[in-house]
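S.K.: Fold the following.
(2 chains)
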Amino acid sequence: MTSQIINRWYLVHKWTSLICTMFLLLLCVTGLPLIFYHEIDHLIGNTVEAPELPGVTARANLDMIVDAARSRRPNEVVQFLASDADDPHVWWVSFGETATAEDVSTSSMFDARTGDFLHDYPIDQGVMPILWRLHVDMFAGLPGSLFLGAMGLVFLVTIISGIVLYAPFMRKLPFGSVRWERSLRTQWLDLHNLLGIATVMWALVVGGTGAINTLATPIFQQWQSTELAEMIAANQGQLSGATQGSVAQVVQAVQEMEPDWELSFLVFPGNQFAGPQHYTAFIRGKTPLTSKLLKPMLIHVQTGQVVDSRDLPWYVTVLLLSQPLHFGDYGGLPLKLIWALLDIFTIIVLGSGLYLWMRKSSGSIEDQVLVGMEVEKSFVHSTSSQKSSL
Amino acid sequence: MNHALSGRQIWFMPVVLLLLSAIGLLSALLGDVWWDILSWGTLGYTVVMILWYVLIPS
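M.R.: Next up is the predicted model:
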């Protein structure tokens, strides 16, 4: 690598960092508690656990649960019935102000064995939803989300340029060197290089999948307005009278058709994901990998029969698989703790990078690169002339 | 230390940690129990290595 090329990569590293560092710091700091969203919810009582009922294997009738939910919320409309990936003993019934409302107004938890009402999830309360919005779109909706996605892409360029610059800086230093006896700036430079290169794979994956996640809303809209809308339109017919099929029958029909999959959530008629005459069941697989995926099945509202199903489009598959890789929620609490530590290391890399840039006057990074380049030149010279010039 | 390191010397540990991290990131997605443990071990190794080099001066 010539000195000119190193200098160019250094400029790429400097300018991409200057663009994205403050936003990445926001993302890493808000993301830290969000890793433990589920645990924090549980700790502060936002969610409860279904009671222990030893020996009880029976399942309550789903129509009773949905009816009970409706009678508790007569002014709201049931939009979704969802299973809980972490607890097979509960069902969640979600309401909207209307059948097509975009926001969920209430989410109620029911015991899947007894049919008892257990808990209403407090929506939009406390500090966690604020951190979540800051992390997802900075309270700026889709434009905010897409902007953070762009920052994520800039961050990827920062990381790649950092990898390129690693070798010139480490020409004389064994891996992991932290020169504590040298100036504060050198100490932070060494920490920056060590933490940066050691976390590089994780940062690339979490940064890249984070950028993909910022497209979640457009991706689901695209899926809804094309493939799902076509599936719904292709099966539209005349309803005979006003009779409604039972939810229990719908779920049973889905399970009989796809025994290796299970219901993730059921969208009720009227919602844009189901249309006026059908339920749409989104089912997930039972293996660790396929449990992250979804498959839509259309069920006629009156007959309770599955009338159509579609495979997942590639772009939704990419989104659904990028979610766990961003959240770190797919390997139990130990993985979440590792995720948190790697996040803290990334905060240190970002902070030390900022510090190194601000303290450039006393022994600038340019000088550091020059030192690296001198070593580079002499190294190239020594190997080409077969004698040491050091 | 004044002599220049070879590319292999510079990149050996970074590449080891990168590959272990990649295995760790994927394994928990592909399976449960042993796959999760493999994930904790490989990603955890990266974390332990960092703490080792930062906290224990050579």
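S.K.: all helices for chain B, in order.
M.R.: B:7-30, B:34-55 (DSSP state H).
S.K.: Just the terminal-to-terminal distance for stretch A:284-294.
M.R.: 5 Å (C-alpha to C-alpha, to the nearest Å).
S.K.: in that stretch, what counts as buried?
M.R.: A:R284, A:G285, A:P288, A:S291, A:K292, A:L293, A:L294 (16 or more other C-beta atoms under 10 Å in any protein chain shown). Placement of C-beta: from N, CA and C, glycine included.
S.K.: List of residues touching that stretch?
M.R.: Here stretch A:284-294 makes contact (C-beta atoms under 8 Å, 6 or more residues apart in numbering or on different chains) with A:85, A:260-262, A:264, A:282-283, A:295, A:312, A:316-317, A:320-321, A:323-324, A:330, B:28-32, B:35.
S.K.: So A:L266, which state does it fall into?
M.R.: Put simply, A:L266 is strand when judged by DSSP: H, G, I helix; E, B strand; the rest coil.
S.K.: so who does the nearest residue to it once chain neighbours are set aside touch?
M.R.: Of all residues not flanking A:L266 in the chain, A:L81 sits nearest, at 4.4 Å (C-beta to C-beta, 6 or more residues apart in numbering or on different chains). By C-beta under 8 Å, 6+ apart, A:L81 lies in contact with A:L62, A:V66, A:W91, A:W92, A:V93, A:S94, A:V247, A:L263, A:F265, A:L266, A:F268.
S.K.: residues from chain B in reach of chain A?
M.R.: For chain B, the residues in contact with chain A (C-beta under 8 Å from any C-beta of the partner chain) are B:1-5, B:7, B:9-14, B:17-18, B:21-22, B:25, B:28-32, B:35-36, B:39-40, B:43-44, B:46-47, B:49-50, B:52-54, B:57-58.
S.K.: Now, of the residues you listed, which are buried?
M.R.: Neighbour-count burial (16+ other C-beta under 10 Å) is assigned, among the residues of chain B next to chain A, to B:4-5, B:10-11, B:13-14, B:17-18, B:21-22, B:25, B:28-29, B:35-36, B:39-40, B:43-44, B:46-47, B:49-50, B:53-54.
S.K.: who's in contact with the most centrally placed residue in chain B?
M.R.: With distances taken as C-alpha atoms, centre = their mean, B:L17 lies nearest the centre of chain B, 2.7 Å away. Residues near B:L17 by C-beta under 8 Å, 6+ apart: A:I197, A:A198, A:M201, B:Y45, B:T46, B:M49.
S.K.: Okay, now the unreliable bits of the stretch 201-350 of chain A?
M.R.: Along the stretch 201-350 of chain A, the parts satisfying pLDDT under 70 run over A:242.
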